[in-house]
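> Structure for this input, please:
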Amino acid sequence: QACINCESNTDYYGQTTCEFEGLTTADILQLLYTSTGGPNWMVNDGWSEYASGVTSDGVTNTGDVCTWYGVQCETVGYNDVSGSVVKIVLKKNNLIGSIPPELYQLSSLRHVDLASNGINFKLDDIAQWKDLTFLSLSHTMVRDYSTIGNAKALTVLELEGNNIAGRIPDGIFDLVNLVKLDLSENKLTGYFPNQITALSKMQLLYLDGNAISGSIPNSIKKLSNLVTLNLSGNALTGHLPFELEKLTKIRTLSLAKQEAPGLVGSLLSFSGNTDLIYLELNGNSLTGSIPDSFLELSTIGASDGAITVMLHDNLLTGTIPENLATFQNMDIELRDNLITGRIPQDICMKLEWNHGNVGDYACKGILCSPGTFNPDLGRQSSPVSKCQNCPNDKVSFYYGATSCVEGSNPTKQPIQAPREPPTRAPTKKENANTGNKNPRENLEERAILIELYDMCNGLKWYRQGNWNVEGAHICTWDGIYCGA
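Residues are numbered from 1 along each chain as shown. Down below sits the predicted model:
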């Protein structure tokens, strides 16, 4: 079959269609350039030379768009001859204006990234981009994306920070190939859309920073490929659905800072989320104690990897589960809850926890004890940011207070937390140090030694046998010798 003449010239050898009748690829891209203030772009190599007709060295510009900044063409044939434009990336390049509709005539485009520019872009004809898999228009002036469902091949859609209002359009739920959807930091309203769980290929879902209400549906388990789920900063209510634990691939789960009252009910154990490395549930109204089985099947605990757990600003009670000591490196925030139980000693000896604060300040690096407070984190995080005693006319009743409240404290002394348990039991040899004489203990001396232990970070001493052990006579404490 013979080659057929097009009504206007095409750019390249070997074309199978005359898709650019009337406008060449260079013409279309020049419309983009002139419509968005091209001379003022941060980088416009190739674009500006074509507009002026010559290159920087004075040679006539032939319009090889594949050499222009941000433009990528596919290669065809044995000699890697440039073919159609398949990718345009002009992110953060100071484009200002409206994207010309002629851009849709570049029908081979697969990847378009125009994020962080002052542009508007009408998506009415997006169906012409049949092969488009990646579209990023975050932090632009795009407001209307109601026709986005016509871009059937999309796997990544990013529309973050565009002040988009209203409900999520139904067309989104037709994009069954989506792997990533980012609609964060907009003004979306309405209930959490149950239809979104039909997007079973989804791995990264960001809906944070909106005003989405309602509860998280049990059907969330259908998004079984999720690696990241961020719904923070919305108006979600109800209980944490148990089905969250069936998201076995999840690594980042963020449901923090819901509009009051936020999420309520018990904290899940998340024992089924074995790959979880970031859990953010702070700023809700979760109640009850932290489950003893909390994160007990995590694969991170058996490795040197770090895990972050944000549970502060809830209504949690009880104590911190001892099983968390299996984690070698954890950043955990628990301030401003209703925790009263003493902190397990094994946890107070985790040197890497909380960016090394536990290694430096022992239990105080986890939470300040009752009767004290820290206005920043409810724990000690530096030599300056310490746990402070409450003023005489105020009191804190729980671990991890960031402030003290008006309360009755007739002794005018800080409320003392229970002493932490010993690091180990005394040995027979240590018990024998008394010579079986068991002299009467001087309580004033004991108090002085306890103060020495606390002030000098006794939990990190290499030898601390019997120190501060309830019922152990001070004469049995490692390094202490008493007279007959």
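> worst-scoring helix or strand of the protein, pLDDT-wise?
Between all helices and strands in the chain, the lowest mean by mean pLDDT, DSSP states H and E belongs to helix 428-432, at a mean of 41.
> Can you give me the buried ones in stretch 158-169?
For stretch 158-169, the buried set under the neighbour-count rule, 16 or more other CB atoms under 10 Å, comprises E158, L159, E160, G161, N162, I164, I168, P169. Any C-beta I mention is one placed from the backbone N, CA and C, and that applies to glycine too.
> Looking at those, which are in strands?
Where the buried residues of stretch 158-169 overlap with strands, as defined by DSSP state E, the overlap consists of E158.
> right, and out of the buried residues of stretch 158-169, which lies closest to K249?
Nearest to K249 out of these is E158 (CB to CB; 21.2 Å).
> packing partners for the longest strand seen in the chain?
Counting residues, the longest strand found in the chain (DSSP E) is strand 81-89. For strand 81-89, the helices and strands in contact under the criterion 3 or more CB pairs under 8 Å, 6 or more residues apart in numbering; DSSP states H and E are helix 25-35, strand 71-76, strand 111-113.
> Confidence-wise, which of these is weakest overall?
Between the helices and strands packed on strand 81-89, the lowest average pLDDT goes to strand 71-76, which shows a mean of 84.
> about what we covered before: columns pLDDT and distance to L281 on top of the buried residues of stretch 158-169, output as TSV?
As requested, the buried residues of stretch 158-169 are exported to TSV (pLDDT from 0 to 100; distance: CB to CB, whole Å):
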residue	pLDDT	distance to L281
E158	98	26
L159	97	26
E160	97	22
G161	96	24
N162	96	27
I164	95	26
I168	95	23
P169	93	29
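> closest to P291 among the buried residues of stretch 158-169?
The nearest one, if we look at the buried residues of stretch 158-169 relative to P291 and count by CB to CB, is I168, at 33.2 Å.
> still on that earlier bit, identify the farthest-apart pair in the buried residues of stretch 158-169.
In the buried residues of stretch 158-169, two members sit farther apart than any others by CB to CB. They are G161 and P169, at 17.9 Å.
> Please report the distance of G359 from L351.
G359 sits 3 Å away from L351, going by CB to CB, to the nearest Å.
> For those two, indicate the residue with more neighbours.
Shown here are G359 and L351; by other CB atoms under 10 Å, G359 has more neighbours (18 against 14).
> SS state for that one?
Each residue gets one of three states, and G359 gets helix by DSSP: H, G, I helix; E, B strand; the rest coil.
> And for the one 5 residues further on?
The three-state assignment at K364 reads helix, by three-state DSSP.
> Without its sequence neighbours, what residue ends up closest to it?
The shortest distance from K364 to any residue that is not its chain neighbour, by CB to CB, 6 or more residues apart in numbering, is 4.3 Å, and that residue is Q380.
> F192 too?
Nearest residue to F192 in three dimensions, chain neighbours excluded: G214, at 4.9 Å (CB to CB, 6+ apart).
> I figured that neighbour hits Y191, correct?
Yes - with contact defined as CB atoms under 8 Å, G214 reaches Y191; the gap is 3.5 Å.
> Overlap in contacts, those two.
Counting by CB atoms under 8 Å, 6 or more residues apart in numbering, G214 and Y191 have no common neighbour.
> residues contacting E444?
Applying CB under 8 Å, 6+ apart, no residues qualify as near E444.
> all helices of the stretch 201-350 of the chain, in order?
345-348 (DSSP state H, counting those that start in this stretch).
> for it, which spans come out with low pLDDT?
For the stretch 201-350 of the chain, the stretches flagged by pLDDT under 70 are 301-304.
> got a list of what Y278 touches?
By CB under 8 Å, 6+ apart, the residues touching Y278 are R251, T252, L253, S254, I307, T308.
> Just the buried ones from those, in PyMOL syntax?
Here is the PyMOL selection string for the buried members of those, based on 16+ other CB under 10 Å:
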select buried, resi 251+252+253+254+307
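> Kindly reformat the contacts of Y278 as JSON lines and extend each row with distance to I148.
Rendered in JSON lines, the data for these read as follows (distance: CB to CB, whole Å):
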{"residue": "R251", "distance to I148": "27"}
{"residue": "T252", "distance to I148": "25"}
{"residue": "L253", "distance to I148": "26"}
{"residue": "S254", "distance to I148": "24"}
{"residue": "I307", "distance to I148": "36"}
{"residue": "T308", "distance to I148": "33"}
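> Excluding chain neighbours, what is closest to D393?
Counting by CB to CB, 6+ apart, E406 is the residue found nearest to D393 once chain neighbours are left out, at 7.1 Å.
> Correction: the previous question concerned P375.
Residue nearest to P375 in three dimensions, not counting chain neighbours: T402, with 5.4 Å by CB to CB, 6+ apart.
> Report how many residues lie close to the one you found.
17.
> cool, L199 as well?
Residues within reach of L199, counting by other CB under 10 Å, total 20.
> out of the buried residues of stretch 158-169, which one sits closest to V179?
Checking the buried residues of stretch 158-169 one by one against V179 (CB to CB), the nearest turns out to be E158, at 11.7 Å.
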